[in-house]
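Chemist: got a sequence here, can you build the structure:
(chains A and B)
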Amino acid sequence: MIEQAPALILLFPFFASIIVALAGIRIQGVCFPITVISMAASVLSGIAILGQVVNNGAIRYRLGGWEPPMGIEFRIDALGALVALAVSVVGLLTAIYSKRQVPAETPDKISQYYTLYLLLMTGLIGMVITGDAFNLFVLIEVSALTSYALIAMGPRRATLAAYKYVIMGTIGASFYLLGVGYLYIKTGSLNMFDIHEQLIARGIFDATAVLVAFILITVGVWIKMAFFPLHAWLPNSYAYAPTTSSAVLGPLVTKVMIYVMIRLTFTVFGADYTFGRLDWSDIVVWMSVAAILVGSISALAQTDLRKMLAYLIIAEVGYMVGGMWLANDMGLIGSIYHIIADAFMTLCVFLFAGIIFTQTGKRDLNALDGLFTKMPLTMVGFLVGAFSLIGIPPTAGFFSKWYLIQGGVASGHWEYVIALLISSLINAVLFFRIIEIAYFGIKPAEGHGGHHHEELSKESPTKASFSMLLPLLVTAAMLIGLGLYNRDIVAIISDFVSQFNFGVISR
Amino acid sequence: MKSLALISVVITGWLLLSAVGDFPDWGDPNSPANSYRLSQHFVTETFHETAVPNMVTAVLADYRGYDTMFETVVIFTAGIAIISILRRFTSDGADAGTEKVYEKRPDLIVDTTCRLMIPIIQLFALYVIAHGHHSPGGGFQGGVIFGASFILIALSRDLQAAHKWVPEQRVLNLAGIGILIYAGFGLASMFLGQNFLDYAILHKIMPASPIEARYHSMLGVEIGVAFTVTAIMYSIYSNLASKGTMKEGL
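Modeler: Purely as a prediction, here's the structure:
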């Protein structure tokens, strides 16, 4: 059983999705339990994989029994195992959260919703564990199609946002596919590790086609992860989607694409090529500085809670892209650690936003008026997520930012360090504004008379139900846990990072 | 904004063309894609390893069967996505509509022609599916042809007429079962102790040698693909044509 874990982590949600599609239409009650059970099984497989990888090194799993590069293989190293586990845990938590949300928001399409949800998880996990460049494209398609539909199932504005996302996402995926095509022309292989070996063996790192392939793949992946200035599709899609959809897409899709960027850059092209031969670090780090600043400042201008969080994702993407392109081990460790940390902190705040939207029916920040007394537990969960996004110890966000800043200092990219600090400050302003509204209520000057205020709070939101609160609090606890055990996580990440000898790369 | 779009299109085009000079000549036998052991292996070993003469099918359904499974899932996802966005379950009863068969009076010429055509189309579709190992074809192509035959019924008469043959529920079941067939072959190999989709081990439950087991399993998964593609083709058509109400087609 344990040697099948690499396949099982993906097959549990996959088979569950078909069962939900077949049985869920007649008996809608089975959708939720099947989803949760399959995701829990997937998490268990993820833990088994991580254990195996930490103890025995990278796992290779040949699909169909064919030897690569003839067949497709999973190759899961420390990085892949960690991200795959994080993806499945986020999937499980959001699945629990969906119990009341999905019947409330898409009452007549419950089975379709869960089918798409499970297929999305299949696609995302598959993207993380695959070792084949074309297979990655197929799974990008699966996860992209499902996420378009998951967004479009929201209210009317969501459909338009999803349409924009379809256009941008398709362009991104096409760029990636073209890049893989160019690589295939030059190397004759599709297996990521084999492409890299072939690039070395044929000595074609100087070829124009390889350069073009690199540009196409990088830009394609950037579109998919909403890296500034290719981010326009993201804010509306995540702001208007059903709450469960934004709670699962927000943390995962961009983060998995960053994983894909790291995987392709380091495994397919190699650190020597990316940072030695091309040496575009300066430009890309400056672009990430722009992304961080634009994301943070735009977030400051929003009154819609979920839209504000969506802009924060754009800033966070800037953190991670910049961290990777700093071209030193600290930056890369920080970037990878931030994938994990950011997945959970984005999940935390999006779950909070979903709860607020469901319980109050309002989108804007005024909905939070005086919520501390009405939903204390929800607010505690949110506080941890907000502290992590600001970067207050001992949350995970502090440690990942710490590594990123160290990386920035070591490589002399002071502009990146300053952008990180400014962004943290802006996050602090943003979240303390929310905390103020939630703790002290809106001032009478803003339109609510004292007496009127009293009346409003009578029809006030009820407490969040257990199925919504549990994932939020677990996520908050995990953020603190990830922070406290940062040494162990960094040890696993270093396993991956230490393969690349950044000192040798000429800069 | 338009000029920005033009600039990005020109840059992309220039980028794509700039690498063309670097490509090997058209049909060059020594080009990496042709000379590398990957294609060499497929050309020389496919028949010995899988007993399938059409190596495209072998690469598609066996060597890279995992990809093809997810390509089928992509089609399935597209169908479910369109249902989830377009389908409207009206309260005044979607079922009430099903009784009004033949809303549109069938045209004699169109009806007769389609009556003649549809069995032939379906027979040809089955041939394409079943003969994918030996000649061009397979589950995707056959499935599309088969789906087209149902769309033709809906076009020539009415959506309700086609609905009588393939009700919505049955269409969705077919789509799911198709993927279940494909993934089931993979799962069966897993239960027999091999990796996912390793068809060779299925010789234990088939009256065949390991190599023939690959051959037969490929036919099996092609049938699964055909199920899904047929169902989703028709499902997409009926949802789009009736604007999600499933009452009246084009």
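Chemist: can you give me phi and psi for A:Met497?
Modeler: Slight slip there: residue A:497 is Val, not Met. Backbone geometry at A:Val497, expressed as degrees, to the nearest 10, gives phi -70, psi -30.
Chemist: looks like it contacts A:Ser335 (just checking).
Modeler: No. Assessed by C-beta atoms under 8 Å, A:Val497 is found out of contact with A:Ser335, at 9.6 Å. C-beta coordinates here come from the backbone N, C-alpha and C atoms, glycine included.
Chemist: of these two, who's got more company?
Modeler: Remark: of A:Val497 and A:Ser335, A:Ser335 carries more neighbours, 28 against 23, as counted by other C-beta atoms under 10 Å in any protein chain shown.
Chemist: isn't the more buried one right up against A:Met261?
Modeler: No. Using C-beta under 8 Å, A:Ser335 is not in contact with A:Met261, being 9.5 Å away.
Chemist: any shared contact partners between those two?
Modeler: Counting by C-beta atoms under 8 Å, 6 or more residues apart in numbering or on different chains, the residues touching both A:Ser335 and A:Met261 are A:Val321, A:Met324.
Chemist: how about stretch A:10-19 and chain B, any contact?
Modeler: Yes. Residues of stretch A:10-19 are located near chain B by C-beta under 8 Å from any C-beta of the partner chain, namely A:Leu11, A:Phe14, A:Phe15, A:Ile18.
Chemist: which of the residues you listed count as buried?
Modeler: Buried members of the residues of stretch A:10-19 next to chain B, counted by 16 or more other C-beta atoms under 10 Å in any protein chain shown: A:Leu11, A:Phe14, A:Phe15, A:Ile18.
Chemist: how about chain A: which residue is closest to chain B?
Modeler: Relative to chain B, the nearest point of chain A is A:Gly188 (3.0 Å; C-beta to the nearest C-beta).
Chemist: make a markdown table out of the residues of stretch A:10-19 next to chain B and add secondary structure and pLDDT.
Modeler: A markdown table is the format used below for the residues of stretch A:10-19 next to chain B (DSSP: H, G, I helix; E, B strand; the rest coil; pLDDT from 0 to 100):
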| residue | secondary structure | pLDDT |
| --- | --- | --- |
| A:Leu11 | helix | 91 |
| A:Phe14 | helix | 93 |
| A:Phe15 | helix | 93 |
| A:Ile18 | helix | 92 |
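Chemist: next up, the contacts around B:Arg214.
Modeler: B:Glu49, B:Thr50, B:Ala51, B:Val52, B:Asp62, B:Tyr199, B:Ala200.
Chemist: about what we covered before: and the residues of stretch A:10-19 next to chain B as CSV, adding distance to B:Thr72?
Modeler: Shown next, in CSV, are the residues of stretch A:10-19 next to chain B (distance: C-beta to C-beta, whole Å):
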residue, distance to B:Thr72
A:Leu11, 15
A:Phe14, 12
A:Phe15, 14
A:Ile18, 11
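Chemist: nearest residue to B:Ser84 other than its sequence neighbours?
Modeler: Spatially, and ignoring its direct neighbours in sequence, B:Ser84 is nearest to A:Gln112 (4.2 Å; C-beta to C-beta, 6 or more residues apart in numbering or on different chains).
Chemist: for the record, mean pLDDT for the helix or strand hosting that neighbour?
Modeler: Here A:Gln112 sits within helix A:110-129, counting by DSSP states H and E. Helix A:110-129 carries an average pLDDT of 92.
Chemist: packing partners of that helix?
Modeler: Helix A:110-129 is packed against helix A:5-23, helix A:31-56, strand A:73-76, helix A:78-105, helix A:133-152, helix A:243-263, helix B:65-86, with contacts defined by 3 or more C-beta pairs under 8 Å, 6 or more residues apart in numbering or on different chains; DSSP states H and E.
Chemist: wait, which of the ones you listed is closest to A:Met468?
Modeler: With C-beta to C-beta as the measure, helix A:78-105 is the member of the helices and strands packed on helix A:110-129 nearest A:Met468 (5.6 Å).
Chemist: could you see whether chain B lies near the closest one?
Modeler: No. With C-beta under 8 Å from any C-beta as the criterion, chain B is not reached by helix A:78-105; the gap is at least 11.7 Å.
Chemist: what comes up buried for that helix?
Modeler: A:78-102, A:105.
Chemist: so what's the residue count around the residue nearest to A:Thr303 when sequence neighbours are not counted?
Modeler: Here the nearest residue to A:Thr303 in space, its sequence neighbours aside, is A:Asp364; by C-beta to C-beta, 6+ apart that works out to 4.7 Å. Under the neighbour criterion other C-beta under 10 Å, A:Asp364 is assigned a count of 14.
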